[in-house]
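**Student:** quick one: sequence plus predicted model below, questions after.
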There are 4 protein chains.
Amino acid sequence: MNKLKIADRIFSSRLFTGTGKFNSARQMEEALIASGSELVTVALKRVDITNNDDDLLAHLNHPSINLLPNTSGVRTAKEAVYAAQLAREALQTNWIKLEIHPDPKYLMPDAIETLKAAEELVKEGFVVLPYIHADPVLCKRLEEKGVQAVMPLGSPIGSNKGLKTIDFLQIIIEQSNLPVIVDAGIGTPSHAAAAMEIGADAVLVNTAIAVAGDPVNMAKAFKLAVEAGRMAYEARLATSGQHAIASSPLTSFLDE
Amino acid sequence: MNKLKIADRIFSSRLFTGTGKFNSARQMEEALIASGSELVTVALKRVDITNNDDDLLAHLNHPSINLLPNTSGVRTAKEAVYAAQLAREALQTNWIKLEIHPDPKYLMPDAIETLKAAEELVKEGFVVLPYIHADPVLCKRLEEKGVQAVMPLGSPIGSNKGLKTIDFLQIIIEQSNLPVIVDAGIGTPSHAAAAMEIGADAVLVNTAIAVAGDPVNMAKAFKLAVEAGRMAYEARLATSGQHAIASSPLTSFLDE
Amino acid sequence: MNKLKIADRIFSSRLFTGTGKFNSARQMEEALIASGSELVTVALKRVDITNNDDDLLAHLNHPSINLLPNTSGVRTAKEAVYAAQLAREALQTNWIKLEIHPDPKYLMPDAIETLKAAEELVKEGFVVLPYIHADPVLCKRLEEKGVQAVMPLGSPIGSNKGLKTIDFLQIIIEQSNLPVIVDAGIGTPSHAAAAMEIGADAVLVNTAIAVAGDPVNMAKAFKLAVEAGRMAYEARLATSGQHAIASSPLTSFLDE
Amino acid sequence: MNKLKIADRIFSSRLFTGTGKFNSARQMEEALIASGSELVTVALKRVDITNNDDDLLAHLNHPSINLLPNTSGVRTAKEAVYAAQLAREALQTNWIKLEIHPDPKYLMPDAIETLKAAEELVKEGFVVLPYIHADPVLCKRLEEKGVQAVMPLGSPIGSNKGLKTIDFLQIIIEQSNLPVIVDAGIGTPSHAAAAMEIGADAVLVNTAIAVAGDPVNMAKAFKLAVEAGRMAYEARLATSGQHAIASSPLTSFLDE
């Protein structure tokens, strides 16, 4: 399978993961290792940035894991920029997952503030990966501003509803010159595989792994599913049709 | 992952495959090996049963591959029973995939004739795996007659439309005491994974592998997807919900 | 709109209704009148056939309403035939909705027993309308036996899930020489309209009207929706496509 | 049914229509009258604003029809404001459907430019109805700027794919203090009914009427469907469930 390049980094794994909702930091660590994920989001607000021995970070300290701090919890571009700066200092990375969702119920992203913050953060040297609605025009606007990937949602965060936005994701994938990472709503390995099959470059999964009955094995399941979906994309799926073409001539072999 | 038992055989792989529509017997062989499949359907009508050097069969001669002859092309119970008898003799197996579809356009299975043939074939000592509509009551009737698994369709054969019958498959899986193998309509690895996630015991895939751009890699993709779906089923998926539960408290950490 | 003919009766309304689950017989009567329905199912088991003043029947005594007794509650062909005979005597009609569902949880129809009962009832002079799975081959078998319409389900009875079987309904409609009445699962007027748009001849709605907040107005809503769907079918819908064809040339009128 | 108020106007009909793609102005006129629509969009670029006898406008000159000029074809906020000003002068109305779609293939709306133009147009005294992605946060931002309704898309313009964005439309309807008009993608009366059933205040339909086999009767079908959907919403639909609750006790009446 082709590798994925974002900014100057190469990823073998196209499954990105998150760190929320696990029962324990130890369980999280095991699941993330099992997932094979090389990019892991961390909510800045959940890290104790004044503490060198922060428990969460200690469990993410692996050579294969790159941290992707996110700005979850901010409501404006200004707050997002400040959060990104804090994250850069605390976590020693200029990568930032830009999330701005003023509504605490559905955590829907704010197009206007996200674009504004993206522009500012790119200027300040960040590698910006914005979480957004599956809005094809917004993706192009962000591309023009210099972000390094786009992260459109599949369905509302935490809903586990899968690729409800698939018609728009397909347009985004068709039009984008950047990696497209489907984020939010992926509730099952089959959802993740489906995203990869239509040509998404990666998926980000958190809730579905963290709240599974067995998060470690669920992480493995997602790992396989993402590989399956990517492999299918590269091997070129046939399109769906209306009716059967018989797999063999309906000969009258029995009537002879 | 748990192994699957059908009649007296144990399967490590839950991906069953077919042999139709490949470009060549050699390509088929490579793809089937790549799929890891241990049960492979063969249309009796496509085998030259008078020829010991039949090309198709020669390429299926592997220790891990069990043949599952099917009765594709027959239109009545009587024809099906006769075809099964021929198959048993020719292929030296008492396993039979019972397919009766009088309509050559959509190849939809015939419930009435299938039940009749199943009863007769069980009496004659066959291990019967009937291909049927996703009809929960019919599944119970077949179970009463002594078949060893049921093979409800996901969508019309060759349509690649996926699990259009999912609401009925779930009822079948809930009620069945037999292995449930989703057959027909599975067009992508994500479809296969989805079938496994709801608790299907196996899937049968043919067209989607055979007509892919690269059948060998598509076979691998299906292999991974089936494992992913089964693993997810065993690791217990969370259910889907309407809105987000924020993965971390939306604290005012930035306002401090 | 074209009228619908079943056996020797002509129907102006393509909305058939049921009588279960209403709060009161009076409310039922009002809703059925509002629906404009001319064919109304009655479960034989709910009628006190020894009582000339049965409350349910009294509220169905309207010139525009034809009764369609059903055999709901029976589990075998034999029981169904007996129930039909009782119904004919009690309700003075040789029309019968044939329902055989051995499973009390999902009320899924039994293909085998239904075909058997249909054959017998046709011989005895009944106008038989069988409730069945959306199984295209079974529809043809029933047609051969002389039933007067087929009633495939849209989704499980009472589930309000709509046309989950739409891919199979389309095949049935394409192949059937009989009226096709979509029964079970229609939960909203939009579901009813969708069934008519694909060419169903009528729909049967019960639960969705009876348990609505306001059953009388919900009945009116279904009446309009069925008319809308039929009208759209006759006016020939355009097919769906992937992208826009701009409704007018994107001229540079502003740049002049 | 409740009437709909937008700005200072009251509408009896909740079906808004467009004027593109009809075979002739006369056919358009007939279809619009049949639809009962009281608000009809006109692309400014299609009107000859220097000609008092413009053919299109002549066929829209009815007491029940209010014109809603749109800015279709513009690519920026600045162009949109200019187009709105031209439209106000030419058509003598301060209502404007704000459409900004820089991409000529899918005609996807531009969130950023739309918000900017909306703000300016509200200041200039326009009644602004913006066409947007089904983006809940953007809807709130537009509400804050003083628009009078929001017009989220159901699926790509002209695709006839229906309510692909339904999960997001439901959030928008839940959160909005403004009328929500579903625009784009409504290809069948059942789609229109479904939008109304979830609580949309109105729908805008153009392509599906204009390109139907019989546009006049298709317009009538949409009229009925919109009424059906609204009526169902007001009469309160039951929710969908997993399995049947038998409509009557499965008594053993036949076994007595």
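**Tutor:** On my side now, so go ahead. Numbering: from 1, shown residues only, chains lettered A, B, ... in the order given.
**Student:** only C-alpha atoms for contact and neighbour calcs from this point on.
**Tutor:** Noted.
**Student:** by mean pLDDT, which helix or strand of chain A comes out lowest?
**Tutor:** The weakest-scoring helix or strand in chain A, judged by mean pLDDT, DSSP states H and E, is helix A:55-58 (a mean of 84).
**Student:** in that helix, what counts as buried?
**Tutor:** Across helix A:55-58, burial judged by 16 or more other CA atoms under 10 Å in any protein chain shown covers A:56-57.
**Student:** just the CA atoms of the following helix or strand past it, as PDB, please.
**Tutor:** Scanning forward in sequence from helix A:55-58 by DSSP states H and E, the next helix or strand is strand A:66-70. Provided in PDB are the C-alpha atoms of strand A:66-70 (Å, rounded to 0.1, in the frame of the first residue of the first chain):
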ATOM      1  CA  ASN A  66       3.400  11.300  17.000                       C
ATOM      2  CA  LEU A  67       1.200  13.600  19.100                       C
ATOM      3  CA  LEU A  68      -1.300  15.800  17.400                       C
ATOM      4  CA  PRO A  69      -2.600  18.300  20.000                       C
ATOM      5  CA  ASN A  70      -6.100  19.500  19.400                       C
END
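**Student:** wait, does strand A:66-70 contact chain B?
**Tutor:** No: Strand A:66-70 stays out of contact with chain B when judged by CA under 8 Å from any CA of the partner chain, the minimum separation being 11.9 Å.
**Student:** near chain B, anything from the least confident helix or strand of chain A?
**Tutor:** No: judged by CA under 8 Å from any CA, helix A:55-58 makes no contact with chain B; its nearest approach is 13.1 Å.
**Student:** what about that helix, distance to the chain center?
**Tutor:** 21 Å (CA atoms, centre = their mean, to the nearest Å).
**Student:** so which other helices or strands are in contact with that helix?
**Tutor:** The elements that helix A:55-58 packs onto, with contact taken as 3 or more CA pairs under 8 Å, 6 or more residues apart in numbering or on different chains; DSSP states H and E, do not include any helix or strand.
**Student:** list of residues touching that helix?
**Tutor:** By CA atoms under 8 Å, 6 or more residues apart in numbering or on different chains, the residues outside helix A:55-58 that reach it are A:25, A:47.
**Student:** hmm, try it at 6 Å
**Tutor:** Residues outside helix A:55-58 that contact it (CA atoms under 6 Å, 6 or more residues apart in numbering or on different chains) are A:Ala25.
**Student:** which single residue in the stretch 51-200 of chain A comes nearest to chain C?
**Tutor:** Minimum separation of the stretch 51-200 of chain A from chain C (CA to the nearest CA) falls at A:Asp167, amounting to 8.8 Å.
**Student:** could you give the average pLDDT over the host helix or strand of that residue?
**Tutor:** Applying DSSP H and E as the criterion places A:Asp167 in helix A:166-175. Average pLDDT, helix A:166-175: 96.
**Student:** can you confirm whether that helix lies near chain B?
**Tutor:** No: for a cut-off given as CA under 6 Å from any CA of the partner chain, helix A:166-175 has no contacts with chain B; the smallest distance is 13.8 Å.
**Student:** for that helix, buried residues please.
**Tutor:** For helix A:166-175, burial by neighbour count (16+ other CA under 10 Å) applies to A:166-173.
**Student:** so where is the stretch 151-256 of chain A shaky, pLDDT-wise?
**Tutor:** For the stretch 151-256 of chain A, the stretches flagged by pLDDT under 70 are A:240-256.
**Student:** which stretches of the stretch 51-200 of chain A form strands?
**Tutor:** Along the stretch 51-200 of chain A, counting by DSSP state E, counting those that start in this stretch, strands occupy A:66-70, A:95-98, A:127-132, A:151-152, A:181-183.
**Student:** just name the most buried of those strands.
**Tutor:** Most buried of the strands of the stretch 51-200 of chain A, by mean neighbour count (mean count of other CA atoms under 10 Å in any protein chain shown): strand A:181-183, with a mean of 28.
**Student:** what's whichever helix or strand A:Lys223 is part of packed up against?
**Tutor:** Here A:Lys223 is covered by helix A:215-234, with elements defined by DSSP H and E. With contacts taken as 3 or more CA pairs under 6 Å, 6 or more residues apart in numbering or on different chains; DSSP states H and E, helix A:215-234 sits against helix A:25-35, helix A:189-197, helix A:207-210, helix B:215-234.
**Student:** put the alpha carbons of the first one into PDB.
**Tutor:** In this case it means helix A:25-35. Only the C-alpha atoms of helix A:25-35 are listed here, as PDB (Å, rounded to 0.1, in the frame of the first residue of the first chain):
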ATOM      1  CA  ALA A  25      -4.300   5.600  30.700                       C
ATOM      2  CA  ARG A  26      -2.900   2.100  30.600                       C
ATOM      3  CA  GLN A  27      -5.900   0.700  28.600                       C
ATOM      4  CA  MET A  28      -5.500   3.600  26.200                       C
ATOM      5  CA  GLU A  29      -1.800   2.900  25.700                       C
ATOM      6  CA  GLU A  30      -2.500  -0.800  25.000                       C
ATOM      7  CA  ALA A  31      -5.200   0.100  22.500                       C
ATOM      8  CA  LEU A  32      -3.200   2.700  20.700                       C
ATOM      9  CA  ILE A  33      -0.200   0.300  20.400                       C
ATOM     10  CA  ALA A  34      -2.600  -2.400  19.100                       C
ATOM     11  CA  SER A  35      -4.100   0.100  16.500                       C
END
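**Student:** pLDDT on that helix, on average?
**Tutor:** Across helix A:25-35, pLDDT averages out at 95.
**Student:** report the angle between it and helix A:215-234.
**Tutor:** Interaxial angle, helix A:25-35 versus helix A:215-234 (axes from the mean of the first three to the mean of the last three CA atoms, to 10 degrees): 30 degrees.
**Student:** ok so, going back, just the angle between the helix holding A:Lys223 and helix B:189-197, please?
**Tutor:** 150 degrees.
**Student:** give me the contact list for helix A:215-234.
**Tutor:** Here helix A:215-234 has contacts from A:31, A:34-35, A:189, A:192-193, A:196-197, A:209, B:218, B:221, B:224-225, B:228, B:231-232, B:235, using CA under 6 Å, 6+ apart.
**Student:** do the same with stretch A:65-76
**Tutor:** Contacts with stretch A:65-76, where a contact means CA under 6 Å, 6+ apart, come from A:38-44, A:80, A:83, A:95-102, A:113, B:250.
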